[in-house]
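Novice: Provided below for reference: sequence and predicted model.
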Amino acid sequence: MIVIGGGLAGLSAAVSLAEAGWRVRLFEQRPFLGGRATSYVLPDGEHVDNCQHVTLGCCTNLEDFYRRVGAQGKIKFFDRLLFQDPQGRTGTMHAGLLPAPLHMTGSFLGFAPLSRADKKSIASALLDILRGKGHTDDLDAPGGISMLQWLQKRKQTPGAIERFWRVVLVSALDEELERTDARFGVDVFWKGFLSNRSGYRMGVPTVPLAELYDGCKVEIERRGGEVNLRMPLRAIHFRDGGVSSVEFDGGRQEFADAYVFAVPHEALTDLLPEDVKQQEPSLAQLGNIKVSPITGVHFWFDREVMREPFITLLDTTTQWIFNKTALYSGKNGARKEKSQYLQLVISASYNLLQKPRQEIIDLCLAEVRQALPAAVKANLLKATVIKEAAATFSPEPGVNRWRPKQQTSIQRMYLAGDWTDTGWPATMEGAVRSGYLAAEAVLRAAGTPKVILQPDLPPDGLVAMFA
Ligand SMILES: Cc1cc2nc3c(=O)[nH]c(=O)nc-3n(C[C@H](O)[C@H](O)[C@H](O)COP(=O)(O)OP(=O)(O)OC[C@H]3O[C@@H](n4cnc5c(N)ncnc54)[C@H](O)[C@@H]3O)c2cc1C
């Protein structure tokens, strides 16, 4: 069995197939595992994540994967999400004593950045999602409808759209509301905030991302497999309606009973000959899947400027600030005891792509100093900007019709990747789901079917009673 690509999709397929008794050989082009959800060392020795990554309580397959590779203890879950606007008004989202779906009512009513009219309109839209158990009829419109259209149909106030829906969904889905299929937006609120008390809990790694994958190599090798780094796939060879081999540098060919291609969709398109795309129409359509950017800004201050582990900013370019020193608690940035390392995240950062790095640093520094008064007098020791132009696939209205299944009509060829058909947006959870689904397809074809995919969190509280 050969897996190409050592991101979460490839790793989850490889680990689950190794557990099912297959000898798995994984090939990754880079010198480290983790794909887009990884970390590396800067020339000055600092460990940085490609970008801050977070998970939610509703990401049941990612949680299962972390457990399989012994990384679950490296994720810390938080029950309280803090929001702050430029006027210094704050609001939190956290579960109180009431059962789902009312568990956030207390914090929602006290959310200062939203007006009473904003809250009333939000409550009525949430009720709509609740009534349909995560579905509303207009989601089935041909080609889908955008999240902004969905919100406008429900007469959401400008404040509700900007300071609630946009804040949550641009971060969760990496796209502007007018370019997001409402299906994904509604799902975020159903699975994350309404159906279950713990779906919204935010999990943040307490180590640089690459350290989460130490156990993958161990698991694969323990079962007779291998992990090959610095091995870019150069060609896929086909014969008699199936994959016959894969080729690496120097013309080295490798053969297997099954091949899982877990590379980004643009990379796969480049590797596929035209006649193969004609044979499997879903592969010919991959070019319709667009991508959207995320920008990460890393600041190292000479002193502590922030106590909270993370905070969401409203009405600013900067969307999230993560206190990496606190999250690593003693590791990495905290080496220089009194200094503090913060990471800022800006999703759907189209406006920043063409901006010079220094301009982005100046803009974000001004916003951090406005949000965190202690940063005004602090010296910025150094800063880094990491722009990921193709961070995720864009969850545009109707995008699901372009996403191929993990099993193809081409013999021995399986696909994995957050962009394949999982129903989920481009997330670590989506990537792991795709890897598990690809592994299930391989096992089915081999006549040894097995369920690997984990179920969603079950509805609880009043939702369970009425669902
Ligand atoms: C900046 C940023 C922030 C994000 N934040 C979050 C977040 O907070 N929460 C969340 O859930 N998700 C987040 N995501 C999305 C998440 O990282 C991805 O959805 C997920 O990691 C995708 O995994 P994958 O395995 O499908 O693809 P990838 O991680 O892209 O893996 C593909 C792998 O294939 C390898 N490869 C490519 N071509 C070849 C070749 N020819 N030969 C061999 N190997 C090859 C690549 O090097 C890579 O390792 C973020 C993404 C980015 C970029």
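Specialist: Perfect, I can see it now. Numbers count the residues shown, from 1 in each chain.
Novice: Quick check on residue 226: phi, psi?
Specialist: phi -150, psi 150 (degrees, to the nearest 10).
Novice: How many residues are close by it?
Specialist: When neighbours are defined as other C-beta atoms under 10 Å, residue 226 has 12 of them. Placement of C-beta: from N, CA and C, glycine included.
Novice: Confirm residue 389 sits in a strand?
Specialist: Yes: assessed with DSSP: H, G, I helix; E, B strand; the rest coil, residue 389 lies in a strand.
Novice: going forward can the numbers begin at 18, since that is how I track them
Specialist: Happy to do that; since the first residue is 18 now, the last one works out to residue 406.
Novice: What separation is there between it and the ligand?
Specialist: 9 Å (C-beta to the nearest ligand atom, to the nearest Å).
Novice: what number of residues lie near that residue?
Specialist: Quick note: residue 406 (other C-beta under 10 Å) scores 12 neighbours.
Novice: With the one 3 residues further on instead?
Specialist: Residues contacting residue 409 under the criterion other C-beta under 10 Å number 22.
Novice: quick one, phi psi at it?
Specialist: Per-residue torsions, residue 409: phi -140, psi 170 (degrees, to the nearest 10).
Novice: Show me the beta-bridge partners of it.
Specialist: residue 309 (DSSP bridges).
Novice: Residue 306 is in contact with that one, correct?
Specialist: No: with contacts counted by C-beta atoms under 8 Å, residue 409 stays clear of residue 306, the gap being 10.4 Å.
Novice: Up against the ligand, what does this structure have?
Specialist: 21-27, 44-47, 52-54, 67-68, 70-72, 249-250, 279-281, 284, 311, 313, 405, 408-409, 434-435, 443-448 (C-beta under 6 Å from any ligand atom).
Novice: same thing but 5 Å
Specialist: Within the chain, the positions near the ligand by C-beta under 5 Å from any ligand atom are 22-26, 45-47, 52-54, 68, 70-71, 249-250, 280-281, 284, 311, 405, 408, 434-435, 443-445, 448.
Novice: Could you give me the ChimeraX syntax to select whichever of these are buried?
Specialist: In ChimeraX, this line selects whichever of the residues of the chain next to the ligand come out buried by 16 or more other C-beta atoms under 10 Å:
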select :22,23,24,25,26,45,46,47,52,53,54,68,70,71,250,280,281,311,405,408,434,435,443,444,445,448
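Novice: Kindly list the longest helix within this structure.
Specialist: helix 445-462 (DSSP state H).
Novice: SS state for the closest residue to the ligand within the stretch 118-267 of the chain?
Specialist: In the stretch 118-267 of the chain, the residue that lies nearest the ligand is residue 250 (3.6 Å; C-beta to the nearest ligand atom). Per three-state DSSP, the secondary structure class of residue 250 is coil.
Novice: I'd guessed it sits against residue 277; true?
Specialist: No: the criterion here is C-beta under 8 Å, and residue 250 misses it with residue 277 at 11.8 Å.
Novice: Common neighbours of these two, please.
Specialist: Common neighbours of residue 250 and residue 277 (criterion: C-beta atoms under 8 Å, 6 or more residues apart in numbering): residue 21.
Novice: residue farthest from the centroid of this structure?
Specialist: What lies farthest from the middle of the chain is residue 257; by C-alpha atoms, centre = their mean that is 37.4 Å.
Novice: and the residue nearest to that one when sequence neighbours are not counted, bridged to which residues?
Specialist: Excluding its sequence neighbours, the residue lying closest to residue 257 (C-beta to C-beta, 6 or more residues apart in numbering) is residue 428, at 7.8 Å. For residue 428, the beta-bridge partners are residue 259 (DSSP bridges).
Novice: So residue 428 sits against residue 258, correct?
Specialist: Yes: using C-beta under 8 Å, residue 428 is in contact with residue 258, at 5.7 Å.
Novice: Tell me which of those two has more neighbours.
Specialist: Legend: neighbour count by other C-beta under 10 Å for residue 428 and residue 258, higher for residue 428 (15 against 12).
Novice: Any figure for the gap between that one and the ligand?
Specialist: 21 Å.
Novice: Pull the contacting residues for that residue.
Specialist: Neighbouring residues of residue 428 by C-beta under 8 Å, 6+ apart: 257-260.
Novice: mind redoing it with 10 Å?
Specialist: Counting by C-beta atoms under 10 Å, 6 or more residues apart in numbering, residue 428 touches 255-261, 275-276, 462.
Novice: With residue 69 instead?
Specialist: 221-222, 226, 311, 313, 315, 327, 337-339, 341, 344, 360-362.
Novice: Looking at those, spot the one nearest the ligand.
Specialist: Looking across those and measuring by C-beta to the nearest ligand atom, the closest to the ligand is residue 311, at 3.6 Å.
Novice: Just give the closest residue to that closest one, not the sequence neighbours.
Specialist: Nearest residue to residue 311, sequence neighbours excluded (C-beta to C-beta, 6+ apart): residue 408, at 3.8 Å.
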